[in-house]
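A.B. asks: Using only what follows, build the 3D model:
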Amino acid sequence: MFFGNFEFGVGSATQLGSVVTATGVNFAVYADQAEQLHLCLFDSEDQPQGQLSMFRQAGGYWSIEVSGLTAGQAYGFRADGAFCPEQLVVFNANKLLLDPYGKSLSHTQCYHPHLSAMDNNGQFCSIDSADLVAKSIVTATLEPIETARNRVAPQQRCLYELHVKGFTQQLPIADHLKGKYLGLAEPAAINHLKSLGITTIQLMPCFSFMDEAHLVAKGLTNYWGYNPVSFFAPDHRYAITDPISEFRSMVAALRQAGFEIILDVVYNHTAEGELQQAMLNFRGLANTTYYRHEQGRYLNFTGCGNCVDTYQPIVSRLVCDSLRYWYNIMGVDGFRFDLGVDLGRTHHGFDPYAPLLTAIAQDPILSQAILVSEPWDIGPEGYQLGRFPVPFLECNDRYRDTVRRFWRGDEGVVADFATCLMGSRDIFHKGKRPANHSVNYITYHDGYTLRDLVSYHRRHNLANGENNRDGHGENLSQNFSHEGDTEIAEINHQRLNQQLCFIATLLLSQGTPHLLGGDELNRSQRGNNNAYCQDNELTWLNWQENSEKSQLTEAIQQLLKLRRNYPMLAQVHLQDDALYKNHPYHQVSWVNECGQQMSHEDWHDPERDFLSVIMGEHSTTDCLWLLFYRDDQPLRVSLPCGYAFGDQLYSTREIKQQDGTLHLTQRCVALFTLKVS
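C.D. replies: Residues are numbered from 1 along each chain as shown. Reported below is the predicted structural model:
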């Protein structure tokens, strides 16, 4: 068949998106309630070339194959159908739509009110949006990255979360590389990451994303990127010219340096937002299929205006296809799922055997990836820590809060603190899941930095334009008697020591440690605990050297080296844990400051400030002694009964040994070897 200069045929709906064929390009898309779908072609100047009617296939799919087209062709879709907003059916052929499976976009998508399918009165909007919408770009089929993946033993994995722009914007590299994917591939970036001893880089979102309307109105931007336009196309903001090739080059360089790469992914909502906001792709193609809804309204389990309905088969397929693309072609080794409970929702509630979670877990490719879930959203029964199936790891906020409370000096938390140290076995139960399924963290991107955690009592988010109402209100922080920065040397000494105690606790705990990029640089956001819209020096890493940065960096280096040299620090094999049956098992005992086994009274003493644990293999005489002290008053600690001192492997502050006694003068974490006497 011909239309103008185009020869076309029915094509195939087997593979969704645009696929280069022997004679042209095949296009396929899902739009189950559309009455007609149109393929719109554009030239390199963004001018229309033609509009072709697509062919309906079984199951709600549409397809067309156009001869003579090649990679680089710009295109979009228009969908005809009913317009009944009260039923959430809002087809509007005046709105150009992106391909949900498009691998590349022509440019960054920007918000504009005319992207909406309706006007301010909820009526049909006849304004054409083609000039306001980025175009999907046909891409050639790519082969996997040649550089081999790195396989890190789960018990030795350490995550380091970073923002591509924030990490590289002030790095001493060429200006054109600052803030870019390729900047992260530079020796200055890689050498720093390698020096720390971390194994796994967790990239904040790189899906193409759009600034929300309320941020545009305030002159702000979505810096973090948790507002996806596409689940396939990498964002242009971090590219010089070609986001796909530059992202892959970054991955190849990081692989060459020995790292694993995890990508933070957002499948729970999209940048289309609420019904009256942007129509970019999903809303215009199959609104009631792609989004959760009830009684003519979206179900907003994300706080972002919409919620992707991952219980629908087509959505489950979309997510799995996206994950496989980023794993196979873009080269990442795993994923961190933002608001991951949505992946496990059925009609409403969470089910660990929900179709999408099951599909990922049984997939021969995806089940081999590193899978980390944020185990909550804001919907009903939205907190599901500990309920995700194998092989998912989970971000453990209970660990974060307990460790913060312990070091702040809260009463009655010592027992919970000990449980967290040993892998949160009250949540990740022995015999079912290893301790490394608990992703332990003190700080994350959404909250205080480590320095701010010890410098601020209250959030300071006025720059976000929400009258300081956004962000967490209770941060379990401690400012050491002064809010914010100070020149008082003693306060700064206490703050640095507290940071060192936090780092030591994290890296000497059972589980998978997660570090927030920049904490090793003593980075502050001046008390802003929700800096999602701050694309400026508040969030960019400062690489200027000082003594505090050196001490924090050296602590991480030393502790990760100890974690590698003493595997018991990362994975204890307990005799009653069926997962380690037939392994040499370890013995663990808890000891008080008198060198005696912790008594019932010790465990329930609300003002207890000292705790220590001895860990050793059953068949050997050497063991490790790990100590935690959270007060700044002098304390004498007796050597555990039956043991002699070995080596002092680590201490946050200098500890004096004398006559079988330790003399502690301030809060600290220390690690010794002991010998049976």
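A.B. asks: Residue 573 is in contact with residue 581, isn't it?
C.D. replies: No. Look at residue 573 against residue 581 with CB atoms under 8 Å: they stay out of range, at 9.4 Å. All C-beta spots, glycine's among them, are computed from the backbone N, C-alpha and C.
A.B. asks: In terms of packing, which of those two has more residues around it?
C.D. replies: residue 573 (16 against 10; other CB atoms under 10 Å).
A.B. asks: and the more buried one, what does it touch?
C.D. replies: By CB atoms under 8 Å, 6 or more residues apart in numbering, the contact set of residue 573 is 580, 583, 584, 585, 586.
A.B. asks: which residues of the stretch 351-500 of the chain fall in helices?
C.D. replies: 355-362, 397-408, 414-421, 450-453, 489-507 (DSSP state H, counting those that start in this stretch).
A.B. asks: And the chain, by the same measure?
C.D. replies: 164-168, 181-184, 187-196, 213-218, 243-256, 282-290, 313-328, 355-362, 397-408, 414-421, 450-453, 489-507, 547-565, 600-603 (DSSP state H).
A.B. asks: Can you get me a residue count around the closest residue to residue 172 other than its chain neighbours?
C.D. replies: Sequence neighbours aside, residue 188 is the residue nearest to residue 172 in space, at 5.7 Å (criterion: CB to CB, 6 or more residues apart in numbering). Counted with other CB under 10 Å, residues neighbouring residue 188 total 14.
A.B. asks: How about residue 209?
C.D. replies: 22.
A.B. asks: and it, how far is that from residue 607?
C.D. replies: Per CB to CB, to the nearest Å, residue 209 is found 48 Å from residue 607.
A.B. asks: Need the pLDDT of residue 471.
C.D. replies: According to the prediction, residue 471 has pLDDT 94.
A.B. asks: scratch that, residue 676
C.D. replies: The model's pLDDT for residue 676 equals 87.
A.B. asks: okay but it is in contact with residue 641, surely?
C.D. replies: No. Counting by CB under 8 Å, residue 676 does not reach residue 641; the two are 10.9 Å apart.
A.B. asks: Are there residues contacting both of the two? Which ones?
C.D. replies: Between them, residue 676 and residue 641 share no contacting residue, judged by CB under 8 Å, 6+ apart.
A.B. asks: how does this protein divide up, domain by domain?
C.D. replies: Following automatic domain parsing, the chain resolves into domains at 2-137, 578-676.
A.B. asks: Next up, the contacts around the residue nearest to residue 172.
C.D. replies: 171, 172, 173.
A.B. asks: How much space separates the first one from residue 187?
C.D. replies: Computed with CB to CB, the distance linking residue 171 and residue 187 is 10 Å.
A.B. asks: the more surrounded of the two?
C.D. replies: residue 171 (19 against 11).
A.B. asks: quick one, phi/psi of residue 227?
C.D. replies: phi -150, psi 70 (degrees, to the nearest 10).
A.B. asks: okay, now it: neighbour count?
C.D. replies: When counting by other CB under 10 Å, one arrives at 24 neighbours for residue 227.
A.B. asks: That one touches residue 213, doesn't it?
C.D. replies: No. The criterion here is CB under 8 Å, and residue 227 misses it with residue 213 at 10.6 Å.
A.B. asks: picking up where we left off before, looking at the helices of the stretch 351-500 of the chain, which one is packed in the most?
C.D. replies: Compared across these, helix 450-453 shows the largest average neighbour count, a mean of 25 (mean count of other CB atoms under 10 Å).
A.B. asks: quick one: low-confidence parts of this protein?
C.D. replies: Under the criterion pLDDT under 70, the flagged ranges of the chain are 1-4, 618-621.
A.B. asks: OK, contacts around residue 199?
C.D. replies: By CB under 8 Å, 6+ apart, residue 199 lies in contact with 150, 152, 156, 157, 158, 258, 259, 260.
A.B. asks: How about it, nearest residue that isn't a chain neighbour?
C.D. replies: Nearest to residue 199 is residue 152, by CB to CB, 6+ apart, at 4.6 Å.
A.B. asks: Quick check: the gap between that neighbour and residue 187.
C.D. replies: To residue 187, residue 152 is 22 Å away according to CB to CB.
A.B. asks: before we move on, what about residue 299?
C.D. replies: 48 Å.
A.B. asks: For residue 82, list the residues it contacts.
C.D. replies: Residue 82 neighbours (CB under 8 Å, 6+ apart): 33, 35, 89, 91.
A.B. asks: Select from those every entry located in strands.
C.D. replies: residue 89 (DSSP state E).
A.B. asks: Produce a ChimeraX select command limited to the buried residues of the contacts of residue 82.
C.D. replies: Buried subset of the contacts of residue 82, written as a ChimeraX selection, criterion 16 or more other CB atoms under 10 Å:
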select :91
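A.B. asks: Format the contacts of residue 82 as CSV; extra columns: distance to residue 469.
C.D. replies: Listed next are the contacts of residue 82 as CSV, based on distance: CB to CB, whole Å:
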residue, distance to residue 469
33, 39
35, 44
89, 35
91, 37
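A.B. asks: Which pair of the contacts of residue 82 spans the longest distance?
C.D. replies: With CB to CB as the measure, no two of the contacts of residue 82 lie farther apart than 35 and 89, at 11.0 Å.
A.B. asks: any common contacting residues for these two?
C.D. replies: 81, 82.
A.B. asks: if we can go back for a sec, the residue nearest to residue 199 against residue 255, yeah?
C.D. replies: No. Using CB under 8 Å, residue 152 is not in contact with residue 255, being 11.9 Å away.
A.B. asks: Compare the two and say which is more crowded by neighbours.
C.D. replies: A count of neighbours by other CB under 10 Å puts residue 255 above the other of residue 152 and residue 255, at 19 against 16.
A.B. asks: Surely that one and residue 149 touch.
C.D. replies: Yes. Counting by CB under 8 Å, residue 255 touches residue 149, with 6.4 Å between them.
A.B. asks: what's the overlap in contacts for the two?
C.D. replies: In contact with both residue 255 and residue 149: residue 331, using CB under 8 Å, 6+ apart.
A.B. asks: quick one: the spatially closest residue to residue 354 that is not a sequence neighbour from residue 485, how far?
C.D. replies: The shortest distance from residue 354 to any residue other than its chain neighbours is 4.4 Å, reached at residue 344 (CB to CB, 6+ apart). Distance from residue 344 to residue 485, counting by CB to CB: 43 Å.
A.B. asks: Show me which of the two is the more surrounded one.
C.D. replies: Neighbours of residue 344 and residue 485, each counted by other CB under 10 Å, are more numerous for residue 344; the result is 27 against 14.
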